[in-house]
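Engineer: give me coordinates for this.
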Amino acid sequence: MYSKFDNLDITVDASIKKITRKACMYLSEAIENGIMLSENPTANIVIYDDRIDFGMCLNPTMDMMNAAYFPNFYEENGNIVYRFAGNACCEVEDHTINYVGHTDPITADDNKVFNMIYSKYA
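Structural biologist: Below is the predicted model:
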């Protein structure tokens, strides 16, 4: 269901002007996990300065998900949200999301989600 990611609508909040390449790598993995958790393949995904909102959660078992397996993912007001906290090592400076973790993220060259974000917001 999510192998092609053809119906993704990824936007950024007006507070964000740019996302660095490393942050795009990091966020693309979080977005793929969030889509899987929400089970909403046509969600309008919005990247904010402190979170990613995946829209309505269509996963009836989300309340039983273990935070150890999916850290920083929460259900808030019926939506799946990924918070930049703890090991979510991103920060915003001058309207740019930058990855500030200790280990550089790695993504495949053919990662569709990364390419969608990087081509639009880098």
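
Engineer: need the distance between the two termini of stretch 33-46.
Structural biologist: End-to-end distance of stretch 33-46 (CA to CA, to the nearest Å): 15 Å.

Engineer: so for that stretch, what gets flagged as buried?
Structural biologist: Within stretch 33-46, the residues that count as buried by 16 or more other CB atoms under 10 Å are Asn33, Gly34, Ile35, Met36, Leu37, Ser38, Glu39, Asn40, Ala43, Ile45, Val46. No exception for glycine: its C-beta is placed from N, CA and C like everyone else's.

Engineer: show me what the strand or helix carrying the fourth one is packed against.
Structural biologist: Okay, so that is Met36. Applying DSSP states H and E as the criterion places Met36 in helix 21-38. Other elements packing on helix 21-38 under the criterion 3 or more CB pairs under 8 Å, 6 or more residues apart in numbering; DSSP states H and E are strand 44-47, strand 51-56, strand 73-76, strand 79-83, strand 90-93, strand 96-99, helix 112-121.

Engineer: that older thread, the buried residues of stretch 33-46 into TSV, with extra columns for distance to Ile117 and pLDDT?
Structural biologist: Output for the buried residues of stretch 33-46, formatted as TSV (distance: CB to CB, whole Å; pLDDT from 0 to 100):
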residue	distance to Ile117	pLDDT
Asn33	14	88
Gly34	13	90
Ile35	13	89
Met36	17	87
Leu37	18	88
Ser38	17	89
Glu39	21	88
Asn40	18	84
Ala43	15	82
Ile45	10	94
Val46	12	95
